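Colleague: below is the sequence, then the predicted model.
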Amino acid sequence: MIRLCVVFLILLSFSSYADTSIKQIRLLYDKANSDEKSCLELLKRIEERNKNLPIFLGYKAAGTMMKAKYGINPIQKLNRFKEGKTLLDKTISNNQNNIELRYLRFANQTNAPSFLGYNNYIKKDKEFILTNLSKTKDKELINIISKFLLQSDHLNDQEKKEVQQWKNY
């Protein structure tokens with residue numbers, strides 16, 4: 001009985017740790033687009049833990065693409081962006097039904113400069129997100145995605161009206 005309680009407490013602490021970790025990663029990701037320090041912290045924290053889980057690979061990829069904008073050397077910036085893009089697309093191809101990964105790609109594609117040509121999944125990801133947002137159990141994630149979608153130029157008024165019902169769910 002005591003062993004069972006110890007095992008339960010250990011498992012509980014790991015699940016709590018992972019949950020806290022994704023919350024921290026999401027907060028850093030939100031700041032990373034406008035703050036280089038947050039971008040570097042995002043990548044550092046992912047490297048420190050859970051770096052092989054698909055969701056963390058997705059954030060690593062997105063963070064790597066964002067890190068490119070803070071570089072000086074154009075070739076290095078392009079290589080960083082391509083590295084992140086390749087990792088994100090590969091992670092999604094292995095986890096096609098993960099709405100958070102699809103959101104990360106949609107966010108990066110809609111914010112990427114057009115000359116990079118990274119826009120081939122915008123429509124497909126938007127449709128996937130709109131179809132599956134209501135099926136998501138993670139309320140925090142629903143709010144994050146909804147907030148982003150409502151600010152996006154890639155949704156029409158009807159789609160934004162649909163998303164509005166899920167904001168602050």
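Modeller: Right, received. Where do you want to start?
Colleague: tell me which element the residue nearest the centre of the chain falls in.
Modeller: Note on the chain: the residue nearest the mean C-alpha position is residue 104, at 3.8 Å, using Cα atoms, centre = their mean. Following DSSP states H and E, one finds residue 104 within helix 99-111.
Colleague: what are the contacting residues of that helix?
Modeller: 29, 33, 54-55, 58-59, 61-62, 65-66, 84-85, 88-89, 91-92, 95, 118-122, 125-126, 128-129, 132-133, 136, 141, 144-145, 148, 152-154 (Cβ atoms under 8 Å, 6 or more residues apart in numbering). Yep, even glycine has a C-beta here, placed from its N, CA and C like the rest.
Colleague: how about the secondary structure of residue 166?
Modeller: Counting by DSSP: H, G, I helix; E, B strand; the rest coil, the backbone at residue 166 sits in coil.
Colleague: could you double-check that it sits in contact with residue 138?
Modeller: No. The criterion here is Cβ atoms under 8 Å, and residue 166 misses it with residue 138 at 11.7 Å.
Colleague: can you show me the helices along this structure?
Modeller: Assigned by DSSP state H, the chain shows helices spanning 2-32, 36-48, 54-68, 74-94, 99-111, 122-132, 139-151, 157-164.
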